[in-house]
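Peer 1: model the following, please.
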Amino acid sequence: MTLNFTLTTHLSDPDPIVRRIAIIELVDETDPDTAEPFLITALKDPVKEVRIEAAKALEAQDTPEAISALLKALEDDEPAVREVAALSLSANKNPAVGTLLLEWSSHPDADVRVAIFRALRELRLPEATAPALYALIDHDARVRREAIGVLGWLKEPSTLSQLVVLAKDDHDTEVRRAAVGALGFSNDESVITTIEAALSDDDWQVCEEAATVAGKLKADSLVCALIKALEDSYWQVRIKAARSLGRLKHNKAVPYLCLTLLHPISNLRKEAALALGEIADPAALPNLTETLNDADPDVRKAAHLAVSRISLLQK
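Peer 2: Reported below is the predicted structural model:
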């Protein structure tokens, strides 16, 4: 397929607004193979708005040529162009271009390294393990966080010890949070003790992540720490703790969840009711029955589901 004369003319028009609109029309009216070389050329346009539009349009392209052009755009003088190029790269799902990305993983610009690891995350390339591990000691916290994301997707047991160290000791809150989240694939004892410690982290977002991961690990030894988290000063942590206690299905949590049914925050009462339904201990029935009269309809619905489940299992 070839471009019509008008569109070809507009792509080289002296007015950058016309060129930008032409790129949009190019994507809408032309097949990807025909559009790609024009978009790659537009990434070199002297006006940043045109380059930004071209970088956006290349999101749908996964050829080596398109990826190479986007990688080069990561070195653009304009931060906005670099940001859009990074987003387009991160949307790529073609493992075949992983080698190209890996070649840029040690780029001297931290912004580029961030973009590369973000793009590598969902490709799940085993070859990305070594570069991601090396990036865990990067001086830029953003790079460490994105590298953790790569390792979290790969779920490689050999990376556990490094992730544990970051979850416990990294000075950056987001890095600790990411490392805690990445540990959810293993029931190794070091992971369980790390999650337990993270439930008391100085930052509530790390605690919230730890409460979520605790429910995935299905380790009874985390029940007491989760019960304690039901009294955390942040409601977000308490909600995740209640949810994970339901997943762990441990009767020890029942009296504490019953007390939580009286909490002033309705979402927390709802999660407590749902968790009690998951645990399905008949001892919770009196409290759940009272909750059937809760002022919040979502809480009443959760209590009704819990009562029905427990009653059914008793038959």
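
Peer 1: what's the one helix or strand residue 179 maps to packed up against?
Peer 2: According to DSSP states H and E, residue 179 maps onto helix 173-182. Counting contacts by 3 or more CB pairs under 8 Å, 6 or more residues apart in numbering; DSSP states H and E, helix 173-182 packs against helix 141-154, helix 160-169, helix 189-198, helix 204-217. All C-beta atoms are positioned from the backbone trio N, CA, C, and that covers glycine.

Peer 1: now the ones you listed in a markdown table, with mean pLDDT and distance to residue 252?
Peer 2: As requested, these are exported to a markdown table (pLDDT from 0 to 100; distance: least, CB to CB, whole Å):
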| stretch | mean pLDDT | distance to residue 252 |
| --- | --- | --- |
| helix 141-154 | 96 | 30 |
| helix 160-169 | 96 | 26 |
| helix 189-198 | 97 | 15 |
| helix 204-217 | 97 | 14 |
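
Peer 1: turn those into CSV, including mean neighbour count and distance to residue 304.
Peer 2: Formatted as CSV, the helices and strands packed on helix 173-182 follow (neighbours: other CB atoms under 10 Å; distance: least, CB to CB, whole Å):
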stretch, mean neighbour count, distance to residue 304
helix 141-154, 24, 37
helix 160-169, 18, 39
helix 189-198, 19, 32
helix 204-217, 23, 23
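
Peer 1: distance to residue 297 added to those helices, as TSV?
Peer 2: Formatted as TSV, the helices and strands packed on helix 173-182 follow (distance: least, CB to CB, whole Å):
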stretch	distance to residue 297
helix 141-154	37
helix 160-169	39
helix 189-198	34
helix 204-217	26
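
Peer 1: who wins for proximity to residue 133 among these?
Peer 2: Nearest to residue 133, of all the helices and strands packed on helix 173-182, is helix 160-169, at 6.2 Å by CB to CB.

Peer 1: do you know the pLDDT at residue 4?
Peer 2: Residue 4 carries a pLDDT value of 69.

Peer 1: got it, and residue 255?
Peer 2: pLDDT recorded at residue 255 is 97.

Peer 1: so how far is residue 286 from it?
Peer 2: 12 Å (CB to CB, to the nearest Å).

Peer 1: over to residue 64?
Peer 2: Distance from residue 64 to residue 286, by CB to CB: 66 Å.

Peer 1: same check, this time on residue 26
Peer 2: Taking CB to CB, one finds residue 26 at 67 Å from residue 286.

Peer 1: neighbour count for the two, which is higher?
Peer 2: Legend: neighbour count by other CB atoms under 10 Å for residue 26 and residue 286, higher for residue 26 (23 against 10).
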